[in-house]
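# Here is the input, now give the coordinates:
(3 chains)
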Amino acid sequence: MWHQREIRLPPQPRGFHLITRAVVEALPELGELRIGLAHLHILHTSASLTLNENASPDVRADFERWFDRAVPEDAPYWAHTDEGPDDMPAHIKASVLGPSLTLPVRDGRLALGTWQGVYLCEHRDRGGARSLVATLWGEP
Amino acid sequence: MWHQREIRLPPQPRGFHLITRAVVEALPELGELRIGLAHLHILHTSASLTLNENASPDVRADFERWFDRAVPEDAPYWAHTDEGPDDMPAHIKASVLGPSLTLPVRDGRLALGTWQGVYLCEHRDRGGARSLVATLWGEP
Amino acid sequence: MWHQREIRLPPQPRGFHLITRAVVEALPELGELRIGLAHLHILHTSASLTLNENASPDVRADFERWFDRAVPEDAPYWAHTDEGPDDMPAHIKASVLGPSLTLPVRDGRLALGTWQGVYLCEHRDRGGARSLVATLWGEP
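Numbering: from 1, shown residues only, chains lettered A, B, ... in the order given. Below is the predicted model of the structure:
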């Protein structure tokens, strides 16, 4: 059984945002899978997806603080600066975190750990709306 | 053909640990797949999975040394400090390495490179037992 | 429908290289899938795969500059130095970026964003030829 659809996410400020609920609500076909997988893929190179702690907003703010220091905007060695100081760091962060997640599905639900939530990682100051391709497949 | 099961890994000290053999032994159904994939997903946000060199223990110790410097425990900017100084860095490391691996299967075995082994990356001082969801699917 | 094949990539200099076209040309079976996925897996621990900006060569050069600073060759703490100063940093970079990509397929083509291209990330000075295992599966 295969389902594939695009999910459009509204613009978010730069930072890390919990989108588990938005993703699950956009995928009612999850309920049809006994065993399977859900693949989420972001169609951009300056935003990314990760899985992390779904409770404390401090964790998400600390992600932003660490990534901003690890990939500094004002590094003297950037050559690709035409699209603004936040662009090249956004590309690096996007690859460090990765463009997609593959998540196990069991009995009609994402089989995540208690504390695991899906983050949209918006690395641009004004990234605009972001699109995902979601693919579900498995055994009914 | 689909198989899904939980694999329980005993507590490990903080660091990087080879678990290829433990994973393969927990998945006898691998032998039934001619072509397929194995998806390993860790149900935690302060431990992760990666694939790297399966021979020298020095490589795994160097992973720990690099990650500890890249994500320092005593950074003044951490806001999420309630769960101890190793907690917030553990969350960052877990997302940099990622919560899951998708591995090719061919003729009943993981189709890995000669030097590739599966690492459990334990980022907490006392992480306790860790659980994976393993999903196998493919053509018999 | 399942297809699996090995793709051999010729030696590349250290750095980040666009290989989208080489991968697509090696996988004519992509055209048979209406909905599916393509999994690319590199069989090495000192090279990796990522998805990023497919236009400006400056972006790829900036990736190399950032990764070389983030994982320095001359760090005094490396224990695994037998295989040359570029070896241990290559292992770290390979895990930070990851050994595989899972890409959505729709109507016979990779369903990527306009600016997304597949990078071979060669982290060694003389990495030699590199091999991928490509697995395609989905609905015809």
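# Run a quick neighbour tally on residue A:14.
Residue A:14: 17 surrounding residues under other Cβ atoms under 10 Å in any protein chain shown. Just so you know, the C-beta spots here come from the backbone N, C-alpha and C atoms, and that holds for glycine as well.
# same thing with residue A:28?
9.
# What of residue A:12?
By the criterion of other Cβ under 10 Å, residue A:12 has 18 neighbours.
# how close does the closest residue to it other than its chain neighbours sit to chain C?
Distances taken as Cβ to Cβ, 6 or more residues apart in numbering or on different chains place residue A:122 nearest to residue A:12, at 4.8 Å, with adjacent residues excluded. Residue A:122 sits 15 Å away from chain C, going by Cβ to the nearest Cβ, to the nearest Å.
# Residue A:122 and residue A:19 touch, don't they?
No. Between residue A:122 and residue A:19 there is no contact under Cβ atoms under 8 Å: 10.5 Å.
# just to revisit the earlier point, which residues touch the residue nearest to residue A:12?
A:12, A:13, A:14, A:15, A:16, A:17, A:47, A:130 (Cβ atoms under 8 Å, 6 or more residues apart in numbering or on different chains).
# So which of the residues you listed are in strands?
Of the positions in the contacts of residue A:122, A:15, A:16, A:17, A:47, A:130 sit in strands, assigned by DSSP state E.
# Give the single residue among those residues positioned nearest to chain B.
Distance to chain B across the ones in strands among the contacts of residue A:122 (Cβ to the nearest Cβ) is lowest for residue A:16, with 9.2 Å.
# what about the closest residue to the closest one other than its chain neighbours, how many residues close to it?
Once flanking residues are discounted, residue A:16 sits nearest to residue A:60: 4.0 Å by Cβ to Cβ, 6+ apart. Other residues lying near residue A:60 total 21 when counted by other Cβ under 10 Å.
# quick one: secondary structure of residue A:60?
helix (DSSP: H, G, I helix; E, B strand; the rest coil).
# Ok, the one 4 residues further on next?
With three-state DSSP as the basis, the three-state label of residue A:64 is helix.
# What distance do you get for it to chain B?
Here residue A:64 is placed at a distance of 10 Å from chain B (Cβ to the nearest Cβ).
# Can you give me the distance of that residue to residue A:10?
19 Å (Cβ to Cβ, to the nearest Å).
# More neighbours: which of these two?
Remark: of residue A:64 and residue A:10, residue A:64 carries more neighbours, 18 against 8, as counted by other Cβ under 10 Å.
# And the helices in chain A, which stretches?
A:20-25, A:57-70, A:87-97 (DSSP state H).
# distance between stretch A:30-45 and the chain's centre?
Distance of stretch A:30-45 from the chain centroid (Cα atoms, centre = their mean, to the nearest Å) equals 12 Å.
# Would you mind checking the average pLDDT for that stretch?
Mean per-residue pLDDT for stretch A:30-45: 98.
# Please spell out which residues along it are buried.
Of all the residues in stretch A:30-45, those buried under the rule 16 or more other Cβ atoms under 10 Å in any protein chain shown are A:30, A:33, A:35-45.
# now for the residues you listed, which pair is the farthest apart?
Distance extremes for the buried residues of stretch A:30-45: the farthest pair is A:35 and A:45 at 32.6 Å, using Cβ to Cβ.
# Specify the beta-bridge partners of the residue nearest to residue A:27 when sequence neighbours are not counted.
Setting aside the residues directly before and after it, residue A:27 is nearest to residue A:134 in space (Cβ to Cβ, 6+ apart), at 5.8 Å. Residues in a beta bridge with residue A:134, per DSSP bridges, are residue A:5, residue A:40.
# Which residue does chain A have closest to chain C?
Taking Cβ to the nearest Cβ, chain A has residue A:43 as its residue nearest chain C, at 3.3 Å.
# Tell me how many other residues surround the closest residue to that residue other than its chain neighbours.
Leaving aside its sequence neighbours, residue A:43 sits nearest to residue C:113 (Cβ to Cβ, 6+ apart; 3.3 Å). Counted with other Cβ under 10 Å, residues neighbouring residue C:113 total 18.
# In contact with residue C:113, which residues?
Residue C:113 sits in contact with A:42, A:43, A:44, A:45, A:131, where contact means Cβ under 8 Å, 6+ apart.
# How about the residues of chain A by chain C?
Contact residues, chain A versus chain C (Cβ under 8 Å from any Cβ of the partner chain): A:2-4, A:39, A:41-45, A:70-71, A:75, A:77-80, A:88, A:91-92, A:94-96, A:98-100, A:102, A:131, A:133, A:135, A:137.
# Only whichever of the residues you listed are buried, select them in PyMOL.
Filtering those down to the buried ones (16+ other Cβ under 10 Å) takes a single PyMOL command:
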select buried, chain A and resi 2+3+4+39+41+42+43+44+45+70+71+78+80+88+91+92+94+95+96+98+99+100+102+133+135+137
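# returning to that earlier point: ok, so what distance separates the residue nearest to residue A:16 from residue B:71?
16 Å.
# and the gap between residue A:94 and residue A:41?
With distances taken as Cβ to Cβ, residue A:94 is found 12 Å from residue A:41.
# tell me, what residue is most central in chain A?
residue A:49 (2.1 Å; Cα atoms, centre = their mean).
# partner residues bridging it?
Beta-bridge partners of residue A:49, as defined by DSSP bridges: residue A:120.
# Surely it and residue A:94 touch.
No. Taking contacts as Cβ under 8 Å, residue A:49 lies outside contact range of residue A:94: 9.4 Å.
# Need the residues touching each of the two.
Joint contacts of residue A:49 and residue A:94 (Cβ under 8 Å, 6+ apart) are residue A:121.
# Report the mean confidence score over stretch A:95-109.
98.
# any idea what sits nearest residue A:74, other than its immediate chain neighbours?
residue A:85 (6.9 Å).
# er, residue A:1 I mean
Residue A:1 sits nearest to residue A:140 (Cβ to Cβ, 6+ apart), 5.3 Å away.
# and residue A:85, how many neighbours does it have?
14.
# Look up how far chain B lies from residue A:70.
As judged by Cβ to the nearest Cβ, residue A:70 and chain B stand 7 Å apart.
# tell me the contacts of the closest residue in space to residue A:136 that isn't next to it in sequence?
Nearest non-adjacent residue to residue A:136, counting by Cβ to Cβ, 6+ apart: residue A:3, 4.4 Å away. Residue A:3 sits next to A:27, A:29, A:134, A:135, A:136, A:137, C:35 when contact means Cβ under 8 Å, 6+ apart.
# one step back: most tightly packed of the helices of chain A?
Sort those by mean neighbour count, taking mean count of other Cβ atoms under 10 Å in any protein chain shown, and helix A:87-97 sits at the top with a mean of 25.
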